[in-house]
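**Q** Sequence first, predicted coordinates after that:
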Amino acid sequence: MKKVTKAVFPVAGMGTRFLPATKSIPKEILNLVDRPLIQYAIDEARDAGITDFIFVTSRGKSALEDYFDGSPHLEQTLNAKGKWDLLDLLHSTSMDSGEIAYVRQREARGLGHAVLCAKRLIGNEPFAVLLPDDVIASSTPCLKQMIDAHEETGGNIVAAMEIPWDKTSTYGILDVTKTRGSIVNIKGMVEKPAVDNAPSNLAVIGRYILTPQILMHLETTEEGAGSEIQLTDAIAAEIKASGNVYGFRFEGERFDCGSKAGFLQATVAFGLSRPELYDEFSRFLSSIVATKVAAE
């Protein structure tokens, strides 16, 4: 079984829920504390052993590409001033030549189509897909947990978490047959079902390990929910064809940074996790809560 060393990052979306900020700034480089969202996804992938990074972009994403490029003038300035810690931090965000590749999704046709755009770069190997909107705080990176599980199961693995039943219409939902620890056997997957039609409340979130067979299914997948080519439809087809698709209940807390409320929640959680920010930030939050209680 080949090791998973390639990862696809679909970043072609317009980020309309964050307008007007995303009018000129790609959503993926909005800052969560002091790092852009995409950096959290890159760090998670690196910690899981990913060496080849494939970005599926669109028009207007040049700032995202520039973020991973070198910054000679800034590096020279930091070096001249002896700010070695900031220089090391800057170097940690750069990507070596050949380590990162970009492909364009010319039409907004859904997540499945975005993954299919990377087919030539993926080749005949298993690969990971990470959605930067989903930021996961965990002691062991979520993708590393999944790759370790993949060594046991092979096939395809999707990250899964329980959600409130009234939210099933906003997720891909798993039809579960058996649970073995963190690994879940599944017999089907439904994209955004109404609560009355949902087979469970176990939802797929933005981490996948997939086989090349998924790309073959994507080539013949018709438009589904939202008139888009859905990745979950291709995965569902693979379940019917071979049954080698598993859910994985990861350890950690997931933040939906594709929504404003989720982004704010993540900012609080990650801000409080930083020792240099904790005292001042926690006092501020406590004062806000106390003021609200007093007002009531």
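**A** Perfect, I can see it now. Everything numeric here is computed off the predicted structure, so don't read it as measured data. Numbering: from 1, shown residues only.

**Q** In its sheet, which strands sit next to the helix or strand hosting Val158, and in what direction?
**A** Assigned by DSSP states H and E, Val158 belongs to strand 156-162. Strand 156-162 has its sheet partners listed here by DSSP bridges as strand 202-210 (antiparallel), strand 245-249 (parallel).

**Q** May I see the buried residues of stretch 5-20?
**A** Neighbour counts over stretch 5-20 (16 or more other Cβ atoms under 10 Å) mark 5-13, 15, 18 as buried. The way it works is simple: take the backbone N, C-alpha and C, and place the C-beta from them, glycine included.

**Q** Am I right that Gly60 falls within a helix?
**A** No. Counting by DSSP: H, G, I helix; E, B strand; the rest coil, Gly60 is located in no helix; its state is coil.

**Q** I'd guessed it sits against Pro26; true?
**A** Yes. Applying Cβ atoms under 8 Å, one finds Gly60 in contact with Pro26, separated by 7.1 Å.

**Q** Could you find the closest non-adjacent residue to Gly206?
**A** Closest residue in space to Gly206, ignoring its immediate chain neighbours: Leu131 at 2.9 Å, by Cβ to Cβ, 6 or more residues apart in numbering.

**Q** How many neighbouring residues does the one you found have?
**A** Applying other Cβ atoms under 10 Å, we find 23 other residues in the vicinity of Leu131.

**Q** And it, what's its pLDDT?
**A** Predicted confidence (pLDDT) for Leu131: 95.

**Q** more neighbours, Gly60 and Pro26?
**A** Legend: neighbour count by other Cβ under 10 Å for Gly60 and Pro26, higher for Pro26 (26 against 15).

**Q** coming back round to it: the residue nearest to Gly206: what's it in contact with?
**A** Counting by Cβ atoms under 8 Å, 6 or more residues apart in numbering, Leu131 makes contact with 10, 41, 111, 205-207.

**Q** Can you say which of the residues you listed are buried?
**A** 10, 41, 111, 205-207.

**Q** Go through these and name the one nearest Ile173.
**A** Ile205 (11.4 Å; Cβ to Cβ).

**Q** List the contacts of that closest one.
**A** Ile205 touches 131, 134, 159-161, 171, 254, counting by Cβ under 8 Å, 6+ apart.

**Q** Swap in 10 Å and give it another go.
**A** By Cβ atoms under 10 Å, 6 or more residues apart in numbering, the residues touching Ile205 are 131, 133-134, 136, 142, 158-161, 163, 171-172, 250, 254, 256.

**Q** so where's the protein uncertain?
**A** Along the chain, segments meeting pLDDT under 70 span 224-227, 293-296.

**Q** Show me where it has its strands.
**A** 6-10, 31-32, 35-36, 52-57, 100-104, 127-130, 134-137, 156-162, 172-180, 183-191, 202-210, 245-249, 253-256 (DSSP state E).

**Q** Please identify which of those strands is closest to Asp69.
**A** With Cβ to Cβ as the measure, strand 100-104 is the member of the strands of the chain nearest Asp69 (9.5 Å).

**Q** how many other residues sit next to Ala149?
**A** Around Ala149 there are 18 residues (other Cβ under 10 Å).

**Q** Relative to Ile157, how far out is it?
**A** Going from Ala149 to Ile157 by Cβ to Cβ, to the nearest Å gives 6 Å.

**Q** got it, and Arg59?
**A** For Arg59 relative to Ile157 (Cβ to Cβ), the value is 33 Å.

**Q** okay, those two: which has more neighbours?
**A** The neighbour count for Arg59 versus Ile157, taken as other Cβ under 10 Å, is higher for Ile157 (28 against 10).

**Q** mind listing what the nearest residue to that one once chain neighbours are set aside touches?
**A** Excluding the flanking residues, the one nearest Ile157 by Cβ to Cβ, 6+ apart is Ile209, at 4.5 Å. Ile209 is in contact with 4, 7, 48, 126-129, 143, 146-147, 149-150, 153-159, 246, 248, counting by Cβ under 10 Å, 6+ apart.

**Q** Give me the buried subset of the residues you listed.
**A** If you count burial by 16+ other Cβ under 10 Å, the buried members of those come out as 4, 7, 48, 126-129, 143, 146-147, 149-150, 153, 155-159, 246, 248.

**Q** who's in contact with the spatially closest residue to Phe53 that is not a sequence neighbour?
**A** Once flanking residues are discounted, Phe53 sits nearest to Ile100: 4.6 Å by Cβ to Cβ, 6+ apart. Contacts of Ile100 were listed using Cβ under 10 Å, 6+ apart, and they are 9, 42, 52-55, 65, 68-69, 94.
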